[in-house]
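[1] please work out how this folds:
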Amino acid sequence: MRVRFHEARDVFFQKVSEALVQGLFPTGQVVVIRDIWGRLSLALEDAPPEKAGDLTLAEMEKSLQAATGPYYGGEALLKADMFAPDLVFGSPDLRRCREHDRLYFLERVVVGADWQRSPLPDEHPKVPRATLHGIKGGVGRSTTLMAWARHLAERGEQVLVIDLDLESPGVSSGLMPPNAGADYGVVDWLVEDAVGNADEDLLRGMAAKSPLGEGTSGSIKLVPCGGRQEGKELEYLAKLSRVYQDLGPREQDGKPPRSMQFADRLAYLIDELERAHEPTVVLIDSRAGIHDLAAITITRLRATAFLFLIGTQQTYDGYRLLFSQWQGTAVGEEVRKRLQVVASQVPKLGRDEFLKQFQLDSWNLFADTLYDPQNSEDSSKTPTPFHFDLRNPAGPHSPLITLWSDAVQQWSPIGAPDSIGASDKSYNLPSDVKTPLLNFLERATELVFTPPERDDESP
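    Take a look at the predicted model:
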């Protein structure tokens, strides 16, 4: 019977774990590497003995090949024979396995690696940050973000909105009139930075004031995906195809040189934007789905992540796939503290029953994946688990709410194009737009500025 991709790793791990128990690898790290084709192989920090009991390395490898078939990746590699062993044994993607304290797993993938990478080692942001994400499009994420930006500006906040939906810019056109906006955007900075050409003028030219902030005691600045300059073709698509690459070692802020993954570059850009434009809060419009951009904004930037769901099975299934990858990992233990579910576009009919079912489904999603099992033993002897009861409003499963509204669907944040610049134009947030979103606007503001301590269950 043929072994399939999802079965091969478990079989490989079982046989390597048994070899560890028998003493075939008495010292050093034992790393299982899965390459981009799914093939599995071993990397050994220390050379094994010729024999452990009745088992030799050659015999174990024959067993691995027979058990995993086309997913066997070849003979084990020794650290002493490697050209660049730190790429394996010092990789930031190395994950300790539950099966044995010296067994590790290294996933080699083309895309998606950032979902399972730890938050960046930089200090916690000095400015509150929020990421708005939807596993599916069309859930009201961008519209809610724009309304929230206005709400915050009315409170006197200096709001910096960063459009990171690079393949499908949305919030940019909602916050700026046609043919207006910043000279440069995110993709412009990334291509210039790659060749050492990003400077202060570029940074300051990346944000423009949105009319939606007019008439408030605060302001709204937008950093678009790409810039606009009258009469110039800025080659957005040509730049977009070049932005995702990693860079070699680089020294920043007096720290020792280190390789700059795309996530490092994006984090550095946001740090620099905060320094140059001095916002009091940053709102990030994340790309929908499971693209690496979404991964970085949720897992790696230490921002509060608002996850938009519309209560359909498809959206729950999408997040369940993602949460399952985090289950029981150090990444999951860190990220889950910063997640917050949003029940978006809650229907008018049967609203109470809908929200009751949503709360249950959301709780089941977390309970099956990211919540710890509750300890039945003496709590004084065991750590308090990360677990929230179904009705506990402090849990990330307990949703913030936006209500379905025709007014919200039809809302044009900056009005008709011919009204831009008119002295009598007021860019306020209409009450029939604000009211359906009010639960989100107020609770999201509280979460971002006074995030809850979610190291354990609230009393």
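[2] phi, psi for Ile36 please.
    phi -70, psi -10 (degrees, to the nearest 10).
[3] hang on, I meant Val282
    Backbone geometry at Val282, expressed as degrees, to the nearest 10, gives phi -120, psi 130.
[4] dig out what it forms beta bridges with.
    Arg129, Leu160 (DSSP bridges).
[5] that one contacts Arg129, correct?
    Yes: with contact defined as CB atoms under 8 Å, Val282 counts as touching Arg129 (4.6 Å). Where you see a C-beta, it was placed from the backbone N, CA and C, and this is true even at glycine.
[6] what sits in contact with each of these two?
    The contact sets of Val282 and Arg129 overlap at 270, 303 (CB atoms under 8 Å, 6 or more residues apart in numbering).
[7] who's in contact with Arg2?
    Taking CB under 8 Å, 6+ apart as the criterion, Arg2 is in contact with Gly69.
[8] let's see 10 Å
    69-70 (CB atoms under 10 Å, 6 or more residues apart in numbering).
[9] same question, Ala76
    16, 25, 30-31, 41-44, 47-48, 57-58, 60-61, 64.
[10] try it again with 6 Å
    42, 44 (CB atoms under 6 Å, 6 or more residues apart in numbering).
[11] for Leu64, see how far away it is.
    9 Å (CB to CB, to the nearest Å).
[12] before we move on, what about Gly170?
    48 Å.
[13] quick one: which of the two has more around it?
    Leu64 (24 against 19; other CB atoms under 10 Å).
[14] that one belongs to a strand?
    No: per DSSP: H, G, I helix; E, B strand; the rest coil, Leu64 lies outside any strand segment and is helix.
[15] now do it, the pLDDT please.
    Per-residue pLDDT puts Leu64 at 93.
[16] and for the one 5 residues further on?
    For Gly69, the pLDDT comes out at 91.
[17] what does the one 10 residues further on give?
    At Lys79, the model reports a pLDDT of 89.
[18] where's it relative to Phe25, distance?
    From Lys79 to Phe25 the distance is 12 Å (CB to CB).
[19] what about the two, which has more around it?
    Phe25 (26 against 17).
[20] nearest spatial neighbour of the more buried one, skipping sequence neighbours?
    The shortest distance from Phe25 to any residue other than its chain neighbours is 5.4 Å, reached at Pro48 (CB to CB, 6 or more residues apart in numbering).
[21] quick one: neighbours of Thr280, just the number.
    Around Thr280 there are 17 residues (other CB under 10 Å).
[22] surely it and Gln158 touch.
    Yes: using CB atoms under 6 Å, Thr280 is in contact with Gln158, at 4.7 Å.
[23] list residues touching both of these two?
    By CB under 6 Å, 6+ apart, no residue touches both Thr280 and Gln158.
[24] just the CA trace of whichever strand or helix holds Val448, in PDB.
    Element membership for Val448 (DSSP states H and E) is helix 431-449. C-alpha atoms of helix 431-449 as PDB (Å, rounded to 0.1, in the frame of the first residue of the first chain):
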ATOM      1  CA  SER A 431     -24.600  57.300  12.600                       C
ATOM      2  CA  ASP A 432     -26.100  54.600  10.400                       C
ATOM      3  CA  VAL A 433     -22.600  53.400   9.700                       C
ATOM      4  CA  LYS A 434     -21.200  53.800  13.100                       C
ATOM      5  CA  THR A 435     -24.000  52.200  15.100                       C
ATOM      6  CA  PRO A 436     -23.700  48.700  13.400                       C
ATOM      7  CA  LEU A 437     -19.900  48.800  14.000                       C
ATOM      8  CA  LEU A 438     -20.000  50.300  17.500                       C
ATOM      9  CA  ASN A 439     -19.300  47.100  19.400                       C
ATOM     10  CA  PHE A 440     -16.200  46.500  17.400                       C
ATOM     11  CA  LEU A 441     -15.000  50.200  17.400                       C
ATOM     12  CA  GLU A 442     -15.200  50.500  21.200                       C
ATOM     13  CA  ARG A 443     -13.900  47.000  22.200                       C
ATOM     14  CA  ALA A 444     -11.200  46.900  19.600                       C
ATOM     15  CA  THR A 445      -9.900  50.300  20.800                       C
ATOM     16  CA  GLU A 446      -9.800  49.000  24.400                       C
ATOM     17  CA  LEU A 447      -8.000  45.800  23.400                       C
ATOM     18  CA  VAL A 448      -5.300  47.700  21.400                       C
ATOM     19  CA  PHE A 449      -4.500  50.400  24.000                       C
END
